[in-house]
Every structure is written in C-alpha cells, then in structure tokens.
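Visitor: please work out how this folds:
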Amino acid sequence: MKIFQTERNSDCPCGSGRKFKKCCQERVGEATRRISQTVGMESITAEGLDVIETLGFLCGLRAEDGHMPSPETLGRLLNEAWDEVEQISEIEDEGALSALSLRVQVLLGEKHKLRAIRVPVWQFEFEKDDNTGDNELFHEIVDYLGGPLGRIFIIEAVDSIGMSLLYDDYSDEDIKTLLIALGWLVIDDTRNFFLYTVLHKTAADLAAAEEELDKIRDKYEDANNEELYQELRSLLRRYPVYDQMLSENMKGDIKKTLSAVAGGKLKIETPLYSVLGGISAMLSKLIDMLDTVAAQRRLTAENLPLLEETLFAEGEFRFFFPELTNCLDKAAKESEDSELRDCVNNSLFFLILLSDRKQVAVVKLLYVYCICSFISKLPVAVPGSDIEFRVLGDFYDQPLIERYACHLEFLEMFEEAEHVRDVFRKMGEEEKRKIDLHEDELIELTGSILDKA
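Guide: Below is the predicted model:
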C-alpha cells in the first residue's frame with residue numbers, strides 16, 4: 001500500500017501547512033535515496049519499494065528532530081529484516097512466525113510511542129453475540145481494518161512507528177523487529193500478520209489492566225485516598241487503550257450528569273474567585289456582541305462567547321477545576337438517586353483520571369454554566385462574610401473587589417486573592433459604563449447562553 005500519497009503541490013504530511021515541494025520533499029527524497037542505495041535495488045519488488053518509500057518519508061519528515069536512525073542504518077537493518085522473514089517463509093515455520101509476532105508485541109508494550117497502536121475492540125462488540133469467540137471477533141476486526149475503511153488506522157500506525165523511531169531508544173535488534181512489523185503493515189499480502197499481532201496485544205493489555213485495577217480496588221477502601229489516585233494514574237499511563245475504553249464507556253454517564261446539572265437535579269455552585277475571570281470575559285464579549293445579537297434576535301453556536309483563553313491560557317483552570325470536582329463530589333453524596341450518583345462518580349473518574357480530549361469540552365461546558373449561573377442569580381452573597389454582589393456593575397467596583405480579596409486573604413487563600421485583584425486590573429472603565437447601561441440585556445443574553453449550554 002502506498003502510505004504517503006503526496007504530490008509536489010500537496011500539503012506537506014509533516015503538518016507545517018506548507019506545500020510538500022517547499023517543505024520536506026527534498027529531505028524525503030534524500031532519505032529515500034540513501035535507504036535505497038544501502039539496500040541495493042537489484043531485486044526489490046514493488047512491495048519492497050513501498051516499504052522503502054514509507055521509511056524515506058518517516059526519516060525526511062522528521063529529519064531535524066529527535067534521534068531518528070540514519071537512512072544507512074535503516075537500510076542495513078531492513079535488509080536483515082527481509083532476510084529473516086524470507087528464511088521463515090521458505091521453511092514455513094509457524095513457530096518462528098509466532099515468536100516473531102511475540103517480539104513485535106513486546107515492542108508494542110515497551111516503547112512509549114507504540115502504545116498508541118491498539119485496536120478499540122469494544123467498538124466491534126455490538127456485532128458479537130454470546131456464541132462468538134474472540135477468534136471470530138478478531139477475524140471480523142481484521143477484515144474491517146484490512147479493507148478500505150481501515151486506512152486511517154494504518155496511516156496512524158505508520159505515524160506512531162515513525163514517532164517511536166524518532167523518540168524511543170532502540171537497539172539494532174529492536175529496530176529490525178520494528179521494520180519487520182512495518183513491512184507487514186505496508187504490504188497488502190502480509191497486513192493481517194500485523195493486525196492480528198496488534199489485536200493480541202490489545203486484548204492482553206485490557207485483561208492485564210482489568211486485573212491490576214481489581215487489585216488496586218481491593219487494596220484501598222477509601223475512594224478518595226491520594227495513593228489510590230496515584231496508582232490509578234500509573235495504571236492508565238501504562239495501558240492507554242484501557243484509558244480509551246473507559247472514556248468511551250462513560251459517554252452515557254457524562255451526558256446524564258450534564259443533563260442533571262442543566263435540569264437542576266445536581267447543584268453546582270463554585271466560588272466567585274474560580275469564575276471571576278470568566279465573568280469578566282463573558283460580559284466583555286457580550287458587550288461587543290450586543291449590536292449583532294440585536295440584529296439577529298438570537299444567539300447561535302458561532303457567536304457564543306469563547307472562554308478557552310481565560311480558562312486555560314490565563315490560568316483560571318487551576319482555581320475552577322478543583323472547585324468543580326468538589327461540587328460534583330458533594331452533589332453525588334447528597335443525591336438520593338443511586339443511578340445518578342453512580343453517573344456522577346463515573347464522570348468524576350473521567351475528569352480526574354482519564355486522558356481524553358472530551359474532558360476539555362466537558363470542563364468548558366460546566367465553566368460556561370457556572371459563569372452564567374452566577375450572573376443570572378444576582379444578587380449573590382459571599383459565604384462567611386457580609387459581602388454581596390447585587391448587580392453586574394459590582395464586579396467592576398474596586399472597593400468591593402478589594403474587600404473580597406481581603407476576605408480571601410483572611411481565609412489564607414492568598415493565590416485566590418491575587419487572582420481576584422489581577423482579574424479586576426484587566427477590567428476597563430468603558431466596559432463598566434456599558435454594563436451599567438445594558439444590564440438587563442446582558443442578563444437576558446446570559447440566560448440564552450445557559451439554554452444553549
């Protein structure tokens with residue numbers, strides 16, 4: 001299979017955004033030439049050329065980073081890999097082939113960048129009935145990945161191999177084993193060897209992770225024990241495919257948790273300091289949007305305020321996230337609905353321990369919810385004090401903000417107090433004037449955003 005279907009005027013596969021001819025083409029061509037020269041091209045098949053070309057791309061696209069083996073080293077070890085495979089094929093040694101598959105599985109477990117090469121087998125289980133064994137399921141998956149719809153998996157696996165050569169440490173023998181695996185993957189007639197090897201490693205990882213998780217659960221009675229969290233994090237780092245499976249399986253729990261928050265079944269009220277930057281950013285954005293929204297008479301997904309920069313780049317996440325998880329934990333304990341309580345606990349596990357891009361989306365959604373709730377519930381009193389924010393303009397009132405910061409300092413929350421003062425320093429007088437003029441409209445728009453969220 002031709003992995004890199006790249007023409008001169010195509011976008012460069014390295015992701016730079018530049019044309020291939022103006023980016024990596026020269027380095028790819030040079031690496032391919034040097035590998036070919038080392039291998040010797042006298043009796044190379046078309047499939048062998050595909051492997052060499054793929055290696056040339058992996059070298060050339062990353063020539064200035066990491067510690068990629070030289071093209072000459074790869075060419076020499078590729079020759080040795082092909083000799084070993086040919087010897088096994090000639091004598092039809094099934095035992096040697098199985099041993100070679102096990103060597104590849106060891107690499108898939110040892111090398112950090114190869115841990116991404118796993119098959120989400122749980123996505124196929126809906127087609128598996130009670131009488132279907134793992135072998136039959138494996139055949140079904142291999143047929144799928146070996147067909148046209150499996151190309152994305154193949155390209156991602158090749159890219160992981162390239163990243164592993166670049167950043168992981170390898171002996172010559174390990175590189176030779178990896179090149180055998182790459183050849184299996186690239187060549188159509190041998191791809192099933194690679195797919196079955198990955199499937200067996202995937203199944204072994206999931207079984208090992210499940211066994212280790214049971215031991216960890218038995219070891220700790222306190223679900224909030226920090227040592228428990230550390231062991232769970234370590235487990236999930238070692239078995240990212242298990243992390244991925246848990247994330248996929250928790251989608252329903254997350255949706256139910258978010259629906260319960262939106263419907264008022266779960267009470268989420270984070271402290272003001274944890275969303276003050278977001279309130280300021282939200283109001284500033286809404287002021288800029290007033291004319292547009294008035295003309296459109298509605299908010300759309302495209303013109304909702306974006307708060308990612310405030311949450312992440314400006315660091316409010318470190319104040320918001322712990323308070324969010326504390327609120328969810330408290331809400332779960334107070335809920336009389338056992339099914340909802342389980343959903344919230346699973347959502348907390350997802351947010352705190354797993355590694356999934358959807359975490360960011362969930363946190364952002366709850367961040368917007370908490371910001372809009374704060375604004376829509378004015379007036380709001382600060383617990384344990386006589387401080388009250390009655391109208392939107394109070395967020396721009398320096399004496400009131402300073403009283404709030406001093407209150408936090410009294411509670412020995414010095415970082416939070418400095419954060420509050422820092423947010424206020426970024427607020428503008430012109431915005432305060434406009435907020436006083438348009439308070440009712442801004443609160444109405446905030447309610448619309450809550451509905452959207």
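
Visitor: could you find the closest non-adjacent residue to Val85?
Guide: Nearest non-adjacent residue to Val85, counting by Cβ to Cβ, 6 or more residues apart in numbering: Ile180, 6.0 Å away. Where you see a C-beta, it was placed from the backbone N, CA and C, and this is true even at glycine.

Visitor: which neighbouring elements make contact with the one helix or strand the one you found maps to?
Guide: Assigned by DSSP states H and E, Ile180 falls within helix 172-186. Secondary-structure packing of helix 172-186 (3 or more Cβ pairs under 8 Å, 6 or more residues apart in numbering; DSSP states H and E): helix 46-60, helix 71-91, helix 94-110, helix 151-167, helix 191-219.

Visitor: just the pLDDT for the residue nearest to Val28 when sequence neighbours are not counted.
Guide: Once flanking residues are discounted, Val28 sits nearest to Gly60: 3.2 Å by Cβ to Cβ, 6+ apart. Note for Gly60: predicted pLDDT of 90.

Visitor: dump the residue contacts of Gly60.
Guide: 24, 27-32 (Cβ atoms under 8 Å, 6 or more residues apart in numbering).

Visitor: quick one: Gly15 from Lys111, how far?
Guide: 22 Å (Cβ to Cβ, to the nearest Å).

Visitor: which one's more surrounded, those two?
Guide: Lys111 (21 against 9; other Cβ atoms under 10 Å).

Visitor: quick check: the more buried one touching Leu166?
Guide: No. With contacts defined as Cβ atoms under 8 Å, Lys111 does not count as touching Leu166, sitting 11.2 Å away.

Visitor: returning to that earlier point: now do the residue nearest to Val85, the pLDDT please.
Guide: 97.

Visitor: so where do the helices sit in the stretch 201-350 of the chain?
Guide: 226-238, 240-249, 251-262, 276-296, 308, 317-334, 338-353 (DSSP state H, counting those that start in this stretch).

Visitor: which of these has the lowest mean pLDDT?
Guide: helix 276-296 - the lowest mean pLDDT of the helices of the stretch 201-350 of the chain, at a mean of 77.

Visitor: one step back: how deep is the residue nearest to Val85 tucked in, by neighbour count?
Guide: 25.

Visitor: got a list of what it touches?
Guide: Counting by Cβ under 8 Å, 6+ apart, Ile180 touches 81, 84-85, 100, 104.

Visitor: next: Gln105.
Guide: 197, 200-201, 204.

Visitor: check these and tell me the two furthest apart.
Guide: Thr197 and Ala204 (10.8 Å; Cβ to Cβ).

Visitor: more crowded one of these two?
Guide: Thr197 (23 against 14).

Visitor: wait, the more buried one sits on Arg103?
Guide: No. In this structure Thr197 lies outside contact range of Arg103 using Cβ under 8 Å: 9.5 Å.

Visitor: circling back: for Asp386, find the nearest of the helices and strands packed on helix 172-186.
Guide: Comparing the helices and strands packed on helix 172-186 against Asp386 with Cβ to Cβ, the closest turns out to be helix 191-219 (46.5 Å).

Visitor: may I see the buried residues of that closest one?
Guide: Neighbour counts over helix 191-219 (16 or more other Cβ atoms under 10 Å) mark 191, 193-203, 205-206, 209, 212-213 as buried.

Visitor: which residues touch the residue lying closest to Leu228 once chain neighbours are set aside?
Guide: Leaving aside its chain neighbours, Leu228 sits nearest to Tyr220 (4.2 Å; criterion: Cβ to Cβ, 6+ apart). When contacts are counted by Cβ under 8 Å, 6+ apart, Tyr220 is found next to 227-228, 231.
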